[in-house]
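Visitor: coords please:
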Amino acid sequence: MMGFIAQNNTSILYLEGFSFQENMVIPVFLFFFTIYFTIVVGNVSVMRVIIVNRHLHEPMYILLCNMSLCDLIGSTALLPRLMVDLFAEVKSISFELCFTQAFCIHFYGTASKLILIVMAYDRYVAICNPLRYTAILTGTTLVKLCCFMWGVALILIVITLGLTVRLPRCGTTILLIFCNNVSLFSLSCVDTTLNSIFGLATTYFLSTFSFTTIVWTYGKILYTCLIKRDNNSKRKAIHTCATHLTVYIFYEVIVLFTVIAQRYPSTNTNIRNSIGILIMITSPLLNPIIYGINTKEIRRNVFRFEPLKILDNNQ
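Guide: Have a look, this model is predicted:
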């Protein structure tokens with residue numbers, strides 16, 4: 001793929017920034033800095049607790065660790081660069097760096113959906129088939145699932161951006177505050193129907209597949225818990241399922257609006273940029289709380305600051 005990049009000149013691209021008054025730069029910077037700091041602290045804390053505590057080396061926690069890593073990739077691809085650009089009069093970026101940012105952002109979006117699918121499957125097996133859990137989700141199976149999550153995401157994004165980077169570029173203005181596939185192939189002076197169709201088809205397939213899978217698995221989990229006589233189990237099931245589904249559906253709605261807005265350049269710049277940022281910070285902010293700190297074992301250890309080493313089982 002890098003060969004394709006070399007065939008295009010290494011032109012400088014220009015990003016459309018937010019439209020706000022100069023005296024708002026510092027407050028906006030502090031807002032994004034606080035968001036990014038919170039994301040990093042939250043996700044690193046979850047990862048640290050899982051890595052350090054050997055008794056948390058189970059499928060559910062390992063998948064949580066994968067999710068935190070994915071969230072860090074997505075937020076780091078966007079926010080540091082965005083904060084620097086706030087102070088730049090001319091918001092320019094090289095094509096190579098723009099391509100790298102687009103790759104990381106799309107990789108994050110695709111991998112996060114696949115991780116959520118596998119996490120939902122893990123919870124389904126644990127609650128609906130508890131006696132077979134260790135037999136179904138063995139160490140080998142978990143490794144295969146992790147390879148599936150990251151591997152499929154990598155393949156899809158390589159194909160998507162491979163179709164884009166082959167195109168000759170005529171324009172130099174990115175109609176967003178960050179780079180993504182749509183903004184890159186929109187710079188081309190040739191027909192980009194194939195790129196648009198493939199991108200929409202991939203988004204539709206992933207969103208439909210993940211939505212169907214997650215709703216079905218959580219529905220089965222909820223049903224299994226509700227038929228139990230234990231009222232405490234019922235309350236926990238309703239709370240967990242409702243929280244997870246609310247966060248997931250909210251994320252999918254933002255994705256839908258983003259896809260629509262980016263394909264209509266007439267959409268207000270600030271609205272388009274705000275939606276794009278919202279999709280990149282919502283999950284990394286909420287996931288450590290909803291899936292991590294809300295879990296008793298992680299919450300119990302998250303404020304302990306032992307040296308980063310693998311602890312014995314009896315510690």
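
Visitor: Need phi/psi at the residue nearest to residue 170 when sequence neighbours are not counted.
Guide: Distances taken as Cβ to Cβ, 6 or more residues apart in numbering place residue 189 nearest to residue 170, at 3.4 Å, with adjacent residues excluded. Where C-beta positions appear, they are placed from N, C-alpha and C, glycine not excepted. Dihedral pair for residue 189: phi -100, psi 10, per degrees, to the nearest 10.

Visitor: what's residue 189 in contact with, if anything?
Guide: Residues in contact with residue 189, defined by Cβ atoms under 8 Å, 6 or more residues apart in numbering, are 168, 169, 170, 171.

Visitor: export the residues you listed to TSV and tack on distance to residue 107, neighbour count and secondary structure?
Guide: Conversion of those to TSV gives the following (distance: Cβ to Cβ, whole Å; neighbours: other Cβ atoms under 10 Å; DSSP: H, G, I helix; E, B strand; the rest coil):
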residue	distance to residue 107	neighbour count	secondary structure
168	25	11	coil
169	22	19	strand
170	27	9	coil
171	24	15	coil
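
Visitor: correct me, but residue 110 touches residue 158?
Guide: No: using Cβ atoms under 8 Å, residue 110 is not in contact with residue 158; the gap is 10.8 Å.

Visitor: Comparing the two, which residue is more hemmed in?
Guide: residue 110 (23 against 13; other Cβ atoms under 10 Å).

Visitor: can you tell me how far the more buried one sits from residue 85?
Guide: Distance, residue 110 to residue 85, using Cβ to Cβ, to the nearest Å: 25 Å.

Visitor: got it, and residue 37?
Guide: Separation of residue 37 from residue 85 (Cβ to Cβ): 18 Å.

Visitor: cool, and residue 279?
Guide: Plainly put, residue 279 is 18 Å away from residue 85 if you go by Cβ to Cβ.

Visitor: Which one of those two is surrounded by more residues?
Guide: residue 279 (22 against 17).

Visitor: Quick check: nearest residue in space to that one, chain neighbours excluded?
Guide: Residue 279 sits nearest to residue 254 (Cβ to Cβ, 6+ apart), 4.6 Å away.

Visitor: do the same with residue 110
Guide: Once flanking residues are discounted, residue 110 sits nearest to residue 153: 4.1 Å by Cβ to Cβ, 6+ apart.

Visitor: what about that neighbour, how many neighbours?
Guide: Applying other Cβ under 10 Å, I find that residue 153 has 22 neighbouring residues.

Visitor: and if you look at residue 47?
Guide: 20.

Visitor: returning to that earlier point: which of the three states applies to the residue nearest to residue 279?
Guide: In three-state terms, and counting by DSSP: H, G, I helix; E, B strand; the rest coil, residue 254 is helix.

Visitor: Enumerate every residue touching it.
Guide: 275, 278, 279, 282.

Visitor: Do me a favour and get the backbone dihedrals for the first one.
Guide: Residue 275 adopts backbone torsions of phi -60, psi -40, taken as degrees, to the nearest 10.

Visitor: so how many other residues sit close to it?
Guide: 21.

Visitor: Check the second one too.
Guide: Counted with other Cβ under 10 Å, residues neighbouring residue 278 total 14.

Visitor: Quick check: chain neighbours aside, which residue is closest to it?
Guide: residue 254 (5.5 Å).

Visitor: Kindly provide the distance from that neighbour to residue 199.
Guide: 17 Å.

Visitor: Please, where are all the strands along the stretch 201-315 of the chain?
Guide: Taking DSSP state E, counting those that start in this stretch, the stretch 201-315 of the chain contains no strands at all.

Visitor: Also the stretch 51-200 of the chain?
Guide: Using DSSP E, counting those that start in this stretch, strands in the stretch 51-200 of the chain cover 92-94, 173-174.

Visitor: Would you single out the least confident of those?
Guide: Among the strands of the stretch 51-200 of the chain, strand 173-174 carries the lowest mean pLDDT, a mean of 83.

Visitor: tell me what that strand is packed against?
Guide: Using 3 or more Cβ pairs under 8 Å, 6 or more residues apart in numbering; DSSP states H and E, the elements in contact with strand 173-174 are strand 12-15.

Visitor: Export only the CA atoms of the strand it packs on, formatted as CSV.
Guide: Taking Å, rounded to 0.1, in the frame of the first residue of the first chain, the C-alpha atoms of strand 12-15 are listed here in CSV:
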residue,chain,number,x,y,z
ILE,A,12,0.3,19.4,2.0
LEU,A,13,-3.4,19.1,2.8
TYR,A,14,-5.4,21.7,4.7
LEU,A,15,-8.0,21.0,7.4
